[in-house]
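Asker: Predicted model and sequence below, questions to follow.
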Amino acid sequence: MLGLMQSQQLLISTLIDFAERHHGEGEVISRRVEGDIHRTNYKEVAARSRKVANALDGLNLAFSDRVATLAWNGYRHLELYFGVSGSGRVLHTLNPRLHPDQIVWIANHAEDQVLCFDMSFLPIVQAVHSRCTTIKHFIALCDADKLPADSGIPGLQSYEAWIGQQPATYTWPEFDENSASSMCYTSGTTGNPKAALYSHRSTILHAFSGALPDALNMSARDAVLPVVPMFHVNAWGLPYSAAMTGAKLVFPGPAMDGKSIFELIEAEKVSFAAGVPTVWQMMLGHMQAGGLRFSTLKRTVIGGSACPPAMITAFNDVYGVEVLHAWGMTEMSPLGTVCTLKNKHLAMDSADKMKVRLKQGRGIYGVDMKIVDGEGAELPWDGKAYGDLLVKGPWVISEYFKGEGGSPLVDGWFPTGDVATIDSDGFMQITDRSKDVIKSGGEWISSIDVENIAMAHPAVAMAACIGMKHPKWDERPIIAVVKKPGSEVSRDELIAFYDGKTAKWQVPDDVVFVEAIPLGGTGKMQKTKLRELLKDYKLPGA
Ligand code: AMP
């Protein structure tokens, strides 16, 4: 017997319809490439998304055709989120931080038909357009009078002229909720990049679960600042969850420096912000230097790489901002776990509470996880046993776009490539990427633990731990450190700083001071590049 409920497909167009009707005045604020602050609301975003849909129809794009963006976080990008997916096309967010050759490879692999780009990326598009063989239409996200006279890009149009003539009425098509809605290529640390292809259904379910109180806790009373880029895993689904809840959206545009982010938080009364640790590092540095305080920020979700304890302490204890440590992946839309405490943790002293906060958190509804040993046998949830982390759920990929790399699943579970523990309360803690774990004398050393201790030293701006070949121990950890400007610490002082903070055999054998640690397009440390930089390095005594 079937239930007797109305059958309505879970489509992304329903989000913007809802936001328009129920939160039409809900604000959408953007710092633009032009440098000014632009103010609009869900009602206008909805109308302009429908213009985008009409404009795409005008280009005769077929259902599921890919429309690419090279854009910062901003209202025009948001309109494309809804206009492209809502009209049945697939939004392909390209990462502008990638090498131009990679952008070409990815755009051709995705068979993008249209490319909409912010003017900051004009030089990239000028360099790559002739090699992007499937792109027929280039749209610059600007006013008509800002379009360069001689860009060299055939048929280049301004976004405002492109949608300007279109009607603001459009009937969103109804189709199967399992249809593709957007796509994002993974960083591709091994081999060519591979794409996760999200569906309308997976996106809506992810937005629901992400907005729940024990996940990101989003509501119409929030002003949300996604610093995490809309070109990386749909800004962790925040644009969708915001439309679903009516939260005010505040977009930073290209200005990611500490001063600009801090000023935007204060000016727009941001209550909730999301970003990777490197962004917050810059903002905290700016605040510390100027003795600044937040007046409205209540919580911040930090993920993408491990959040160092010093950062949690700074936010919680110094600035009164709750840190939600979160973990996920491109292949998971991305949210998997969020570290929201349970009642039993609230009474803990601050040292024990910190131990919990450092974990990546517990699964949000919809994501199941398990850890397994080398033979694939499930390991206990005791907070000690560590093994390969596998996940499954309705917003976890089943395969990559075009079947690249074959079937990634093992008995229906997706292997994340992370190594983790899970405790009896279900809190998962990443100890490493499986390829970064350091194997010393048959034991594993967590590079994240070694980095976290160094990051707690007042003179350390950034630290990356890697394993170096050792004749006796197989591998030994060393730590590459970037000092804070104007601060000093010697190798011996930093090694001594580990005293009492970890087991002796986990203390790094050496410290290498570097100007910068190579970061990838999504702000993650690139340890492969760091290893290349240090290829001539010799361990003391090795
Ligand atoms: P990406 O698909 O580029 O977002 O990268 C996903 C990977 O980032 C995960 O598999 C983890 O290795 C890493 N990651 C994400 N969030 C965290 C976190 N909170 N702590 C440690 N690693 C993380």
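Answerer: Looks like it arrived, so ask away. Residues are numbered from 1 along each chain as shown.

Asker: and the lowest-mean-pLDDT helix or strand in the chain, which residues are buried?
Answerer: Across the helices and strands of the chain, mean pLDDT, DSSP states H and E gives its lowest value to strand 443-445, namely a mean of 81. Neighbour-count burial for strand 443-445 flags I445 (criterion: 16 or more other CB atoms under 10 Å). All C-beta atoms are positioned from the backbone trio N, CA, C, and that covers glycine.

Asker: strands paired with that strand, and their directions?
Answerer: Partner strands for strand 443-445, per DSSP bridges, with pairing direction: strand 438-440 (antiparallel).

Asker: Could you give the separation of the partner strand from the chain centroid?
Answerer: Centroid separation for strand 438-440 versus its chain: 29 Å, with CA atoms, centre = their mean, to the nearest Å.

Asker: got the contact list for the spatially closest residue to N316 that is not a sequence neighbour?
Answerer: Ranked by CB to CB, 6 or more residues apart in numbering and with sequence neighbours excluded, the top spatial neighbour of N316 is V323, at 6.0 Å. Residues near V323 by CB atoms under 8 Å, 6 or more residues apart in numbering: 299-302, 307, 311-312, 315-316, 357.

Asker: give me the number of residues near T416?
Answerer: Neighbours of T416 under the rule other CB atoms under 10 Å: 22.

Asker: roughly how far apart are it and V410?
Answerer: Distance, T416 to V410, using CB to CB, to the nearest Å: 11 Å.

Asker: that older thread, please work out the average pLDDT along the helix or strand harbouring the residue nearest to N316.
Answerer: Taking DSSP states H and E as the definition, V323 sits inside strand 322-328. For strand 322-328, mean pLDDT rounds to 96.

Asker: So for G541, what's the pLDDT?
Answerer: Model confidence at G541 (pLDDT) stands at 74.

Asker: Can you tell me the closest non-neighbouring residue to it?
Answerer: Per CB to CB, 6+ apart, closest to G541 is D509, 7.7 Å.

Asker: Give me the distance between S407 and I397.
Answerer: 10 Å.

Asker: Kindly report the same for V279.
Answerer: Distance from V279 to I397, by CB to CB: 26 Å.

Asker: same thing with E493?
Answerer: Taking CB to CB, one finds E493 at 46 Å from I397.

Asker: between T416 and V410, what contacts are shared?
Answerer: Shared contacts of T416 and V410 (CB under 8 Å, 6+ apart): L390.

Asker: quick one: average pLDDT of stretch 173-181?
Answerer: 98.

Asker: how long is that stretch from one end to the other?
Answerer: 13 Å (CA to CA, to the nearest Å).

Asker: Please tell me how far the residue nearest to N316 sits from I12.
Answerer: Distance from V323 to I12, by CB to CB: 30 Å.

Asker: Can you spell out which helices and strands pack onto the next helix or strand after the strand holding V323?
Answerer: Per DSSP H and E, the first helix or strand lying C-terminal to strand 322-328 is strand 335-338. If contacts are counted by 3 or more CB pairs under 8 Å, 6 or more residues apart in numbering; DSSP states H and E, strand 335-338 sits against helix 200-211, strand 322-328, strand 361-363.

Asker: do that again at 10 Å, thanks
Answerer: Applying 3 or more CB pairs under 10 Å, 6 or more residues apart in numbering; DSSP states H and E, one finds that strand 335-338 makes contact with helix 200-211, strand 322-328, strand 361-363, strand 368-372, strand 387-392, strand 414-422, strand 427-433.

Asker: And M183, which helix or strand is it part of?
Answerer: Going by DSSP H and E, M183 is part of strand 180-185.

Asker: Sheet-wise, list the partners of that strand with their directions.
Answerer: For strand 180-185, pairing defined by DSSP bridges yields strand 90-93 (parallel), strand 195-199 (antiparallel).

Asker: which parts of the chain sit against the ligand?
Answerer: Counting by CB under 6 Å from any ligand atom, the residues of the chain close to the ligand are 186-187, 233, 303-306, 325-327, 329-330, 334, 360, 416-418, 430, 433, 522.

Asker: circling back to that earlier point, quick one, which of E493 and I397 is more surrounded?
Answerer: I397 (21 against 12).

Asker: Now the chain against the ligand: closest residue?
Answerer: T330 (3.4 Å; CB to the nearest ligand atom).

Asker: What count of nearby residues applies to the residue nearest to G541?
Answerer: 17.

Asker: So it is in contact with K472, correct?
Answerer: No: using CB atoms under 10 Å as the test, D509 is too far from K472 to be in contact (11.5 Å).

Asker: so how far is the strand holding M183 from its chain's centroid?
Answerer: The answer for strand 180-185 is 14 Å, by CA atoms, centre = their mean.

Asker: Same question for stretch 83-90.
Answerer: Counting by CA atoms, centre = their mean, stretch 83-90 comes out at 22 Å from the chain centroid.

Asker: now do stretch 69-86
Answerer: Distance, centroid of stretch 69-86 to centroid of chain: 16 Å (CA atoms, centre = their mean).

Asker: One more: stretch 77-96?
Answerer: 17 Å.

Asker: Endpoints of it, how far apart?
Answerer: End to end - CA to CA - stretch 77-96 spans 14 Å.

Asker: Not counting residues beside it along the chain, what's closest to P308?
Answerer: Nearest one to P308, counting by CB to CB, 6+ apart, is M455 at 3.9 Å.

Asker: ditto for G88
Answerer: Closest to G88 by CB to CB, 6+ apart is F63, at 4.5 Å.

Asker: Tell me how many other residues surround the one you found.
Answerer: 12.

Asker: can you check the one 4 residues further on too?
Answerer: Under the neighbour criterion other CB under 10 Å, V67 is assigned a count of 27.

Asker: May I have the beta-bridge partners of it?
Answerer: Under DSSP bridges, the beta-bridge partners of V67 are L91, V114.

Asker: That one contacts H92, doesn't it?
Answerer: Yes: between V67 and H92 there is a contact under CB under 10 Å: 6.6 Å.
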